[in-house]
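Please work out how this folds:
(one chain, ligands or ions: 1)
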Amino acid sequence: MQKTFKQTDKNYSYETELLRKGAYVNANVDNPEALPIYLTTAFNVEDLDDLMNRYAEKAFCYNRNRNPNRNALIELMSYMEHGEDSICCSSGMAAISTAIISNLKAGDHVLSDRTLYGETIEIFTDILSEYGVETTFVDFTDLDQIRAAIRPETRMFYTETVSNPMITVPDIEAIADIAHKSGAIFIVDNTFVTSVGFRPLDHGADIVVNSLTKFANGHSDAVCGAATGSAELIKKMYHTQLLLGSQSDPFSSWLVQRGMRTMQLRVEKQMYNAAHLAAALDKSPFVKHVNHPSLSTHPQHDIAMREFGSGERICGMISIVLDDDLGKMNEFMHRLNLAHYAMTLGGYRTTLSHPVSSSHYDTPEEERLKMGITDGLLRISVGIENTQELIDDFMQALEVYR
Ligand code: PLP
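Below you'll find the predicted structure:
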């Protein structure tokens, strides 16, 4: 039975009763079938002994410290990513920045992959650089480049399981080995693949970060993120999160844990659809290039097959290179009936985005061209539509290039 506070038979005035009536549920509310949303900034504490007990038991007092919905999501994420503990944050970027900031100090050096989500790159170039942390960007698919860039003060390696938007696949185990031999920790962003496809912690990563806004929630209705790792690393990140206030709110935490209940079914279908759509696009004379690791022509096809086991289980993201003609690209987008433009990814419907005008809008042209991000690059987040209908939709729209 839920404990209620300050019960009294005394009747107060209307203005006081307006604050008291209905403040607590006075019947058994244990074990509801669906987890309720605890939309409260604080929990009432009986007295100072109760407060001390709550501190000791990591129970609920104040929302920035702990909330039942965030705790539920933490439990789910830690299980799914095979970590000891997690922090759940207000966005993927909040998880990424909290994880990074917690593990660096002035004078440290970071080695980062050069094709990453654009705003992650900006954490290194625009924020950490102001606090005395230098970052070197190299191609993480080339282990020799990584080894050559290590310095005595290198403290962190950073990459994505499958990179945004070039869909490259670094060898996580080999990089983890290099990182650990040089005394650095290794952070991997698993947003594109999710724990359904791969668990970086099982392959040597120290921290895995996820934008839960994407495939994990899958319904395009909540912004949220998580960092998962050992209890020791998470303790440090929890302290930073508490001070920065980067925690996920109860409603988003609740939405994401609800979305994640069907994650395996959705993500497996998205991966399957992506492999089949990539194969069909690869045969089209109007598509200059298709980036998806299921294709035998993909430069890291062998690594992907080793890491993910099957081309149909890699990730629901594809990027394609079309003509650099933006007018034609607009016509192509208009002709698509199922896929539509949205500045997000990982939802149950197929969406498109144009990295040059979104995720890499602020990346200098010279830098983005080095990564292969041209005007004709289009990123496709594959949904759970009927596979053949999705392929047919792309094929009829590509006719604008005839
Ligand atoms: N990581 C990757 C790979 C992403 O693609 C994104 C956003 O698209 C993020 C992190 C940031 O996530 P959020 O928008 O939830 O902050």
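
The stretch 251-400 of the chain: helices as residue ranges?
With DSSP state H, counting those that start in this stretch, the ranges of helices along the stretch 251-400 of the chain come out as 263-283, 301-308, 326-335, 365-371, 387-398.

The residue in the chain positioned nearest to the ligand and residue 98: what is the separation?
As assessed by CB to the nearest ligand atom, the ligand sits closest to residue 92 within the chain, at 2.5 Å. Where you see a C-beta, it was placed from the backbone N, CA and C, and this is true even at glycine. Distance, residue 92 to residue 98, using CB to CB, to the nearest Å: 11 Å.

Can you give me the pLDDT of residue 4?
Residue 4 is assigned 59 on the pLDDT scale.

can you offset everything so residue one is 504?
All right, first residue 504 from here; so that's residue 507.

mean confidence for stretch 871-887?
Throughout stretch 871-887, pLDDT has a mean value of 94.

CA-only coordinates of that stretch in CSV, if you can.
Extracted C-alpha coordinates of stretch 871-887, given in CSV (Å, rounded to 0.1, in the frame of the first residue of the first chain):
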residue,chain,number,x,y,z
ARG,A,871,32.5,17.5,-45.4
LEU,A,872,33.9,16.8,-48.9
LYS,A,873,36.8,14.9,-47.3
MET,A,874,34.2,12.8,-45.6
GLY,A,875,32.4,12.2,-48.9
ILE,A,876,29.4,14.4,-48.0
THR,A,877,28.4,15.8,-51.4
ASP,A,878,25.3,17.8,-52.4
GLY,A,879,24.0,14.5,-54.0
LEU,A,880,24.2,12.5,-50.8
LEU,A,881,20.9,11.5,-49.3
ARG,A,882,20.5,9.5,-46.1
ILE,A,883,17.6,7.0,-45.8
SER,A,884,16.3,5.8,-42.5
VAL,A,885,14.4,2.7,-43.5
GLY,A,886,11.0,2.0,-41.8
ILE,A,887,8.9,-1.2,-41.3
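
Tell me the buried residues in it?
Residues of stretch 871-887 classed as buried: 871, 874-887 (neighbour count, 16 or more other CB atoms under 10 Å).

So which of those belong to strands?
With DSSP state E as the criterion, strands contain 880-884 from among the buried residues of stretch 871-887.

What parts of the stretch 654-803 of the chain come near the ligand?
Residues of the stretch 654-803 of the chain lying near the ligand by CB under 6 Å from any ligand atom: 663, 667, 692, 694-695, 714, 716, 726, 728.

Kindly recompute the last result at 8 Å.
Within the stretch 654-803 of the chain, the residues that sit near the ligand (CB under 8 Å from any ligand atom) are 663, 666-667, 692, 694-695, 712-717, 726-728.

Look up how far residue 573 lies from the spatially closest residue to residue 754 that is not a sequence neighbour.
Spatial nearest neighbour of residue 754, excluding adjacent residues (CB to CB, 6 or more residues apart in numbering): residue 540 at 5.9 Å. Distance of residue 540 to residue 573, given as CB to CB: 11 Å.

Common neighbours of those two, please.
The contact sets of residue 540 and residue 573 overlap at residue 753 (CB atoms under 8 Å, 6 or more residues apart in numbering).

These two: which is more packed in?
For residue 540 versus residue 573, the count of surrounding residues by other CB atoms under 10 Å is larger for residue 573: 29 against 15.

Pull the number of nearby residues for the spatially closest residue to the more buried one that is not a sequence neighbour.
What sits nearest to residue 573 in space, not counting adjacent residues and going by CB to CB, 6+ apart, is residue 756, at 4.6 Å. Other residues near residue 756 come to 30 when the count uses other CB under 10 Å.

for residue 617, same thing?
Look at residue 617: counted by other CB under 10 Å, it has 19 neighbours.

One more: residue 562?
Around residue 562 there are 16 other residues, counting by other CB under 10 Å.

part of a strand, is it?
No: under the criterion used here (DSSP: H, G, I helix; E, B strand; the rest coil), residue 562 is coil, not part of a strand.

how about stretch 735-746: buried residues?
736-737, 739-741, 743-745.

Spatially central residue for the protein, please.
Against the mean C-alpha coordinate of the chain, by CA atoms, centre = their mean, the closest residue is residue 714 at 1.8 Å.

okay but that residue is in contact with residue 694, surely?
Yes: with contacts counted by CB atoms under 8 Å, residue 714 reaches residue 694, the gap being 4.4 Å.

Overlap of the contact sets of these two?
When contacts are counted by CB under 8 Å, 6+ apart, the set common to residue 714 and residue 694 consists of residue 595.

thinking again about what came up before, give the contact list for the residue nearest to residue 754.
Applying CB under 8 Å, 6+ apart, we find residue 540 in contact with 572, 753-754, 757.
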